[in-house]
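S.K.: return atomic coordinates for the entry below.
(chains A and B)
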Amino acid sequence: MMKKIWMVAARDFSVTISNKGFLFGILIMPLLITILVFVGPRILNAKAPTVVGQVAIMDQTGSLGPALQSSLAPLSIALRRSRAAGAGQGNAGGGGPQGNGPPIPNLTVVERSSSEDVQTAKQWLIQTPDAAERHLALIVVHADAVKPAEGKSEYGSYDLYVAPRVDENTENVVYDGMREALVSTRLKGNGIDQSTVEASMRVSRPPSVTVGATGERETGRGFARLLPIICGVLLFMGVMTGGPMLMSSTVEEKSSRVVEVLLAAVSPLELMWGKLLGQMGVSLLAVVVYVGLGLFALVQYSMFGLLDPMLIVYLVVFYLLAYLVYGALMMSIGAAVNQAADAQSLMGPVMILLIAPYALAPMVAQNPNSVISVAFSFVPPLNSFVMLARLASGTPPPLWQVFGAIASGILGASLAVWFAAKVFKIGLLMQGKPPSFATLVKWARMA
Amino acid sequence: MDTALEVRGINKTFGANRAIDDLNLVIPRGATYGLIGPSGAGKTTAIRMIMSILFPDSGSLTVLGKPSALEAKNRIGYLPEERGVYRKMRVRSFLSYIGRLKMGDPAAVDARATHLLGRLGLAEALNKKCEELSKGMLQRVQFVAAIVHEPELLILDEPFSGLDPLSVRVLREIIADEQRRGATIIFSTHVMAHAEELCQQIVMIHKGRKVLDEPMAGLRRQYDHRTIKLEPLDPSADLMALKSVPGVERVQLTDEGCTIGLAAGTDPASALRSIAGSVAPARIEFARVRLEDVFIGIVGGSAGSEESKQALKTHLQGLSGVGVAS
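M.R.: Sure thing, here's the model as predicted:
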């Protein structure tokens, strides 16, 4: 029996990997990722136009106008951005004032009389919406914004009105500019030197160093944040390399009628296992290529030490479990229908199961040990994705949960393969109207 | 008797449709059995159950001494009615793959595939992709796939359909070689002439039931006592005058003479004498029963299986050694 399974698997494997489509497919994914990571942001930024427009201020304090003009100047905006980037990442850089962020808007501050009716002033915002210099925002500064009102310790604030179609980036620039203008004016009003305060408040954030048994290295929080996503993508690509291929090759064997010739030589179970293992080899090859490229990149950037080698072992284990479930389901769909087009309606529930981990991803990433994360670690076939993301996170789960997830994964895979075996037995020679998912379940119970 | 196949009371139902109804069959080793019946009679379902591709709802089988074909698949060759190949695969690889799946020795499989394709006029197709071949060529390739591993039991479902006369002849010769090699052959066909020529025993299935299980030799010896064939000594004799002979119901002229139908209840021997007395015969005989007549008698004459059996009994009445499956 094993020899026949091996022969079917070897044929499926060799036919698939010698296909030009497969070679193209396996190379296209790393290429796409490279384009997305390195070229994408540049292309996106290059296309974003610079916003040019006016910001009006109705200043009841009468002292804020010059400060706002200064804080909304392009150089001031660039300086604030570079400080924010430095505080966030522990190092400056970011490629100069422009950095990789959105383009700096070119804003002109226009002062309007504070005695003007606000409702009338708002009309200014909806004039000349398509002019080269748009009317972007109206700031109404409260009278107590720079000096607290009599008998109060809190400062007043301001109201901001914006024109339609003002983007979030421009709005944030106005907020930050107002904050800087108000703070500097208030400090000046209190006789405090702003540069002294700023210098006193500035504490540069050094990069942390992780001290390990094998040596010291710079802590890579960015890599740690990316790792669960990378693992999820690898699982998805592995499953999507093997699963649809299984389905289409089964449909092809059925529609070309070669399946009856095969069934004269092997049992439905041998054929199913042979195909399942053959395509498992194919998608495992794809995963090995992707992981290999990833490891090569880590070695090139001297980041290999950031990766726990056990994670690769877990990746392979959870990949195998996920592949068996999704592969068996897709293959049983292939065995049930007569042509690829008929498979679309049956693929719906399987695709939902495949996309569900991405809906869970934010919750798992935010708190890898929450009740929902733990619960879904035991629900196949989602558990492979959830548990791998948890293992790759900064707070890995306890070992009993890992083994529990593997056990539930084995159970899920066994059920899926059992289901596929039953559908294979009945569906392979079935012609005519394609069955619904409920019919497949009926077949499984019948066979 | 050493049996290649024994089927005991198998039944198969698809939804409300009873595809096989209490089928019993014993095929000795080395025999060639023809499985005939109209389309939808249940032949292919019966073959698929013999092959353990489908499984009976009840009843049992013994194939080459095993309780299931699953345990004897390597010793069986099967040409299904619905032919199929891997279109992108080369002919050599396809035949080698199928032969190896049947646990054939790879070198022997390759050598036999080359030899058989050569006999079938396909030597140059060995390195072509299956998709490059015509329908008839593919049919011959699939036939080779069925016998490439020298099976003990060979099941051929409509092997000649869609083939040109020359290919049919070569295929018949190869089947005869397989018979001489000692293979048991089960051969399903709609073409009665092929069944008559190749088979030792005819099994007919109609509406899922076996309605005939007879040796071909016995059928060949049988005569239709309701029909007389006459070749007159004088070619200008008035054959239509025979209508006036007592017991003659109809006279149909043919190239050689005429075919005379007798009325029910007429004594065949006295009618033969009266006809010979009216027109001097060069040759006069009762018509032989052809398989086609048996087939049409069962299928065309009635709807139910009981009526079919009755029709066949009437058709073969008075003949010794003829039994009808019950």
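S.K.: which residue is nearest the centroid of chain A?
M.R.: residue A:229 (6.5 Å; C-alpha atoms, centre = their mean).
S.K.: which secondary structure elements does the helix or strand harbouring residue A:295 sit against?
M.R.: Per DSSP states H and E: residue A:295 is located in helix A:268-300. Here helix A:268-300 touches helix A:2-17, helix A:20-34, helix A:221-255, helix A:258-263, helix A:309-336, helix A:399-427, going by 3 or more C-beta pairs under 8 Å, 6 or more residues apart in numbering or on different chains; DSSP states H and E. C-beta here means a position set from N, CA and C on the backbone, and glycine is covered the same way.
S.K.: so residue B:30: helix, strand or coil?
M.R.: What DSSP: H, G, I helix; E, B strand; the rest coil gives for residue B:30 is coil.
S.K.: which ones are touching it?
M.R.: B:4, B:179, B:182, B:183, B:184 (C-beta atoms under 8 Å, 6 or more residues apart in numbering or on different chains).
S.K.: which of those sits closest to residue B:273?
M.R.: When the contacts of residue B:30 are compared for distance to residue B:273 (C-beta to C-beta), residue B:179 wins out at 43.2 Å.
S.K.: which residues does the closest residue to the closest one other than its chain neighbours form a beta bridge with?
M.R.: Nearest non-adjacent residue to residue B:179, counting by C-beta to C-beta, 6 or more residues apart in numbering or on different chains: residue B:32, 5.7 Å away. With DSSP bridges as the criterion, residue B:32 is bridged to residue B:185.
S.K.: so how far is chain A from residue B:32?
M.R.: Remark: distance between residue B:32 and chain A (C-beta to the nearest C-beta, to the nearest Å) = 19 Å.
S.K.: model confidence for that residue, exactly?
M.R.: Reading off the confidence values, residue B:32 has pLDDT 93.
S.K.: re the thing from before, which of the contacts of residue B:30 fall in helices?
M.R.: The helices, defined by DSSP state H, take in residue B:179 from those.
S.K.: near chain A, which residues of chain B?
M.R.: B:48, B:51-54, B:70, B:73-74, B:76, B:78, B:80, B:82-89, B:97-98, B:100-103, B:142, B:145 (C-beta under 8 Å from any C-beta of the partner chain).
S.K.: out of those residues, which end up buried?
M.R.: B:48, B:51-54, B:70, B:73, B:76, B:78, B:80, B:83-86, B:89, B:97-98, B:100-102, B:142, B:145 (16 or more other C-beta atoms under 10 Å in any protein chain shown).
S.K.: among those, which are in helices?
M.R.: B:48, B:97, B:98, B:100, B:101, B:142, B:145.
S.K.: my guess is the second one contacts residue A:7. True?
M.R.: Looking back up the chat, that one is residue B:97. Yes - at 7.5 Å, residue B:97 counts as touching residue A:7 under the criterion of C-beta atoms under 8 Å.
S.K.: skipping its backbone neighbours, what lies nearest residue 278 in space?
M.R.: If you meant another chain, say so; for now it's chain A. Nearest to residue A:278 is residue A:12, by C-beta to C-beta, 6+ apart, at 2.9 Å.
S.K.: hmm, I had chain B in mind actually
M.R.: Residue B:278's closest residue in space is residue B:245 (C-beta to C-beta, 6+ apart), at 5.6 Å.
S.K.: give me every residue that touches that neighbour.
M.R.: B:271, B:274, B:275, B:278.
S.K.: so which strand or helix has the first one?
M.R.: With elements delineated by DSSP H and E, residue B:271 resides in helix B:268-278, which encompasses its position.
S.K.: for residue 27, the count of nearby residues, please.
M.R.: In the absence of a named chain, this looks at chain A. By other C-beta atoms under 10 Å in any protein chain shown, the residues close to residue A:27 number 11.
S.K.: oops, chain B please
M.R.: Count around residue B:27 with other C-beta under 10 Å applied: 23.
S.K.: now do residue A:355
M.R.: Residue A:355: 10 surrounding residues under other C-beta under 10 Å.
S.K.: report the secondary structure element holding it.
M.R.: Per DSSP H and E: helix A:343-366 holds residue A:355.
S.K.: circling back: top of the contacts of residue B:245 by neighbour count?
M.R.: Ranking the contacts of residue B:245 using other C-beta under 10 Å puts residue B:275 first, with 22 neighbours.
S.K.: which element follows the lowest-mean-pLDDT helix or strand in chain A toward the C-terminus?
M.R.: Here the helix or strand of chain A ranked lowest by mean pLDDT, DSSP states H and E is helix A:40-47, holding a mean of 63. Past helix A:40-47, further along toward the C-terminus, the next helix or strand under DSSP H and E is strand A:52-59.
S.K.: next one: that next one to chain centre, how far?
M.R.: How far strand A:52-59 lies from its chain's middle: 37 Å, per C-alpha atoms, centre = their mean, to the nearest Å.
S.K.: repeat for stretch A:306-324
M.R.: With C-alpha atoms, centre = their mean, you get 20 Å for stretch A:306-324.
S.K.: quick check: buried residues in it?
M.R.: A:306, A:307, A:314, A:315, A:317, A:318, A:319, A:320, A:321, A:322, A:323, A:324.
S.K.: the first one touches residue A:224, doesn't it?
M.R.: Yes - with contacts defined as C-beta under 8 Å, residue A:306 counts as touching residue A:224 at a distance of 7.4 Å.
S.K.: which residues sit in contact with the closest residue in space to residue A:417 that isn't next to it in sequence?
M.R.: Residue nearest to residue A:417 in three dimensions, not counting chain neighbours: residue A:328, with 4.8 Å by C-beta to C-beta, 6+ apart. Residues in contact with residue A:328 (C-beta under 8 Å, 6+ apart) are A:276, A:413, A:416, A:417, A:419, A:420.
S.K.: pull the number of nearby residues for the last one.
M.R.: Applying other C-beta under 10 Å, we find 32 residues neighbouring residue A:420.
S.K.: again with the third one
M.R.: Close neighbours of residue A:416, defined as other C-beta under 10 Å, add up to 22.
S.K.: correct me if wrong: it contacts residue A:330.
M.R.: No - contact criterion C-beta under 8 Å: residue A:416 and residue A:330 do not qualify, at 9.9 Å.
S.K.: can you give me phi and psi for whatever residue of the stretch 51-200 of chain B ends up closest to chain A?
M.R.: Residue nearest to chain A within the stretch 51-200 of chain B: residue B:84 (3.1 Å; C-beta to the nearest C-beta). The phi/psi pair for residue B:84 (degrees, to the nearest 10) reads phi -160, psi 150.
S.K.: for it, give me its contacts.
M.R.: A:253, A:256, A:257, A:258, A:259, A:260, A:261, B:142.
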